[in-house]
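> Sequence and predicted structure below; questions after.
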2 protein chains.
Amino acid sequence: MRHKGLCGALDARQLLAMAKHTRMTRHEAGKLLAGEETPIQSYANVMRGVIKLTKVLENGRQQVVGLQFAPDFLGRLFGRDNAVTAEAASDVELCEVPRAAFERLVAEYPQLEHRLFGQILRELDEARDWMVTLGQKTAAEKVASLLYLIAGHIDPSTGTEARDTAEFDLPLSRIDIAEFLGLTIETVSRQITKLRTDGVISVIANRHITVPSLSRLKGRCG
Amino acid sequence: MRHKGLCGALDARQLLAMAKHTRMTRHEAGKLLAGEETPIQSYANVMRGVIKLTKVLENGRQQVVGLQFAPDFLGRLFGRDNAVTAEAASDVELCEVPRAAFERLVAEYPQLEHRLFGQILRELDEARDWMVTLGQKTAAEKVASLLYLIAGHIDPSTGTEARDTAEFDLPLSRIDIAEFLGLTIETVSRQITKLRTDGVISVIANRHITVPSLSRLKGRCG
DNA sequence: TCCGAATATTGACGCTTATCAATGACCTCG
DNA sequence: CGAGGTCATTGATAAGCGTCAATATTCGGA
């Protein structure tokens, strides 16, 4: 996992310098990790689990603006404040670095900043992809798209070979899904039911999803 | 304008080195500047006008995923391909730098990369703000939000003092607006009419907008 | 100045999705 | 084992927005 994460940019000596300041932490689902408009306390690499990034409108409406899977980086560099709220969507494990220490490391090792640049560019691409989904797709396509996204990121059997099946536990509640897709939980529920009755997915205990054919699911994404 | 642009990160000598490779270009509204999935030819700073960034869905549905105003930077660093299509929304003036030359400059002057990092972070914030708009707002709020955004970026009288009025030419057609907001042109038209009859804006020749009270317009943004 | 094309507005109607309400499944705690 | 809570599903209805169609406005060119 390290090869994809932040630390891949560093050599052995640098890794050691980094490791001095890091600490592994665990947080359970629902834990608030960083609040919108509050000073940043620390940076972190997601090691396990899923983080959801949200923004709220004054009147209480809330939008999930991003999901971070391992080995994504968490925290906005060079900003005094967080632009979003970060919350553990599932139980998560983080590799945290205190703010000051991390900024010192970045100043010292330019490869690190370069690496972070790459991650932010990827996040920008993903955000824009979701703008397309939010703006142009129907409810059915939105739900399928989210399931497809999650399947690609957290199916444990991923990486072994190119398979057309997937199986995973949803890290998001129906409420989270609705807030990500700009829908209501009722609509999300109905669309999941439809995918289930159409045989595109099967669902156990609301959270465990089996996808017999990823390409079929992809076909539902619009 | 330079103080906000890319070149603010450079000293006089570096500016000179940069200037050797730049050339000012003009393009009229509708000109395709860079295609999705095509190799990047050059980078550019927007000097005048507005660029729209779009993505398309296979079935032809199209989403505007970002607008770039002067003095934004145009072009995706470190990516082999563009992730989006860039098109001149109005007549534009660019300060272009060929790809190879610019990448050499970035390698040579780390402040330049740092500066670009800052811009990308801003773009990410903006993309996420629009995700909130796309996911949570009503058609009326979406249209008001876009007008408010544009007023803040291209009213020529901006920067003088904190005024509550604005006046500008819309750089986008109704089709562009609809594609940005995930609506149809008919819905956009109806909402603009509503803002007009409610006295929030006045419109001349479809394109010229006057906003007597920006705070009132903001109140319509949700 | 007038004509035609492109762009925008307005209206009638229907579909998609939100809203409101009831029911069902699962979990924890007694 | 049952009560109450949370979370998800299902149904009936309504609102918002899309679709289709007609009309109006703007703009460029003769």
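All right, it came through fine. Numbering: from 1, shown residues only, chains lettered A, B, ... in the order given.
> Spell out which residues of chain A are next to DNA strand C.
Contact residues of chain A with respect to DNA strand C, defined by CB under 7 Å from any atom of the strand, are listed as A:Thr138, A:Ala139, A:Ala140, A:Gly182, A:Leu183, A:Thr184, A:Glu186, A:Thr187, A:Ala205, A:Asn206. No exception for glycine: its C-beta is placed from N, CA and C like everyone else's.
> Please list the members of these that lie in helices.
Residues of these located in helices (DSSP state H): A:Ala139, A:Ala140, A:Glu186, A:Thr187.
> In ChimeraX, how would I select the buried members of those residues?
For anyone working in ChimeraX, the buried entries among these, judged by 16 or more other CB atoms under 10 Å in any protein chain shown, can be selected with:
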select /A:139,140,187
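> okay, among the ones in helices among the residues of chain A next to DNA strand C, which ones form the most distant pair?
Within these, two members stand farthest from each other by CB to CB: A:Ala140 and A:Glu186, at 13.8 Å.
> give me the subset of the ones in helices among the residues of chain A next to DNA strand C touching chain B.
When those are filtered against chain B using CB under 8 Å from any CB of the partner chain, no residues are retained.
> quick one: the helices in chain A?
Taking DSSP H as the criterion, chain A carries its helices at A:12-19, A:99-108, A:110-136, A:139-154, A:174-181, A:185-197, A:214-219.
> Going by neighbour count, list what's buried in stretch A:179-193.
A:Glu179, A:Phe180, A:Leu181, A:Gly182, A:Leu183, A:Thr187, A:Val188, A:Ser189, A:Gln191, A:Ile192.
> cool, and stretch A:55-65?
For stretch A:55-65, the neighbour count (16+ other CB under 10 Å) marks A:Lys55, A:Leu57, A:Gln62, A:Gln63, A:Val64, A:Val65 as buried.
> Same check on stretch A:199-210?
Using 16+ other CB under 10 Å as the test for burial, stretch A:199-210 gives A:Val200, A:Ile201, A:Ile209.
> Which one of those is nearest to A:Leu15?
Closest to A:Leu15 out of those is A:Ile209 (36.4 Å), distances taken as CB to CB.
> OK, contacts around that closest one?
In this structure, A:Ile209 makes contact with A:Leu147, A:Ala151, A:Ala166, A:Glu167, A:Phe168, A:Asp169, A:Leu170, A:Ile201, A:Ser202, A:Val203, judged by CB atoms under 8 Å, 6 or more residues apart in numbering or on different chains.
> These in strands, which ones?
Among the contacts of A:Ile209, the subset assigned to strands under DSSP state E consists of A:Ala166, A:Glu167, A:Phe168, A:Asp169, A:Ser202, A:Val203.
> mind putting the ones in helices among the residues of chain A next to DNA strand C in TSV, pLDDT and distance to B:Ala34 included?
Formatted as TSV, the entries for those read as follows, by pLDDT from 0 to 100; distance: CB to CB, whole Å:
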residue	pLDDT	distance to B:Ala34
A:Ala139	98	33
A:Ala140	98	33
A:Glu186	97	41
A:Thr187	98	37
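> what would the ones in helices among the residues of chain A next to DNA strand C look like in TSV with distance to B:Arg99?
Formatted as TSV, the entries for these read as follows, by distance: CB to CB, whole Å:
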residue	distance to B:Arg99
A:Ala139	41
A:Ala140	41
A:Glu186	50
A:Thr187	45
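> what's the closest non-adjacent residue to A:His21?
For A:His21, the nearest residue in space outside its immediate sequence neighbours is A:Ala101; the separation is 3.9 Å by CB to CB, 6 or more residues apart in numbering or on different chains.
> counting contacts, what elements does the least confident helix or strand in chain A by mean pLDDT pack onto?
Among the helical and strand segments of chain A, the one scoring lowest on mean pLDDT, DSSP states H and E is helix A:12-19, with a mean of 74. In this structure, helix A:12-19 makes packing contacts with helix A:99-108, judged by 3 or more CB pairs under 8 Å, 6 or more residues apart in numbering or on different chains; DSSP states H and E.
> Which residues does the helix it packs on contact?
For helix A:99-108, the surrounding residues in contact (CB under 8 Å, 6+ apart) are A:17-18, A:21, A:40-43, A:75, A:77, A:97, A:112-113, A:116.
> Put the alpha carbons of that helix into CSV.
Coordinates of each C-alpha in helix A:99-108 appear next as CSV, following Å, rounded to 0.1, in the frame of the first residue of the first chain:
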residue,chain,number,x,y,z
ARG,A,99,0.7,20.2,11.4
ALA,A,100,4.0,21.9,12.2
ALA,A,101,6.1,18.8,11.7
PHE,A,102,4.5,18.0,8.4
GLU,A,103,5.0,21.5,7.0
ARG,A,104,8.6,21.3,8.0
LEU,A,105,9.0,18.0,6.2
VAL,A,106,7.3,19.5,3.1
ALA,A,107,9.6,22.4,3.1
GLU,A,108,12.6,20.1,3.4
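> What are the buried residues along that helix?
A:Ala101, A:Phe102, A:Leu105, A:Val106.
> ok, now stretch A:139-157?
Taking 16+ other CB under 10 Å as the criterion, stretch A:139-157 shows A:139-151, A:153-155 as buried.
> With respect to A:Ser215, which of those residues is nearest?
In terms of CB to CB, no member of the buried residues of stretch A:139-157 lies closer to A:Ser215 than A:Tyr148, at 10.0 Å.
> Can you pull out the low-pLDDT segments for chain A?
In the prediction, chain A carries residues with pLDDT under 70 at positions A:1-12, A:37-40, A:77-82, A:156-161.
> do that again at 80, thanks
A:1-18, A:36-41, A:75-82, A:155-162 (pLDDT under 80).
> Pull up the residues of it that are close to DNA strand D.
Residues of chain A lying near DNA strand D (CB under 7 Å from any atom of the strand): A:173-175, A:185-186, A:188-190, A:192-193, A:203, A:206-207.
> ok, of those, which one's closest to B:Leu32?
A:Val188 (37.5 Å).
> wait, doesn't the closest one sit right on A:Leu181?
Yes. In this structure, A:Val188 sits in contact with A:Leu181. The criterion is CB atoms under 8 Å, and the distance is 6.9 Å.
> Many thanks, we can stop here.
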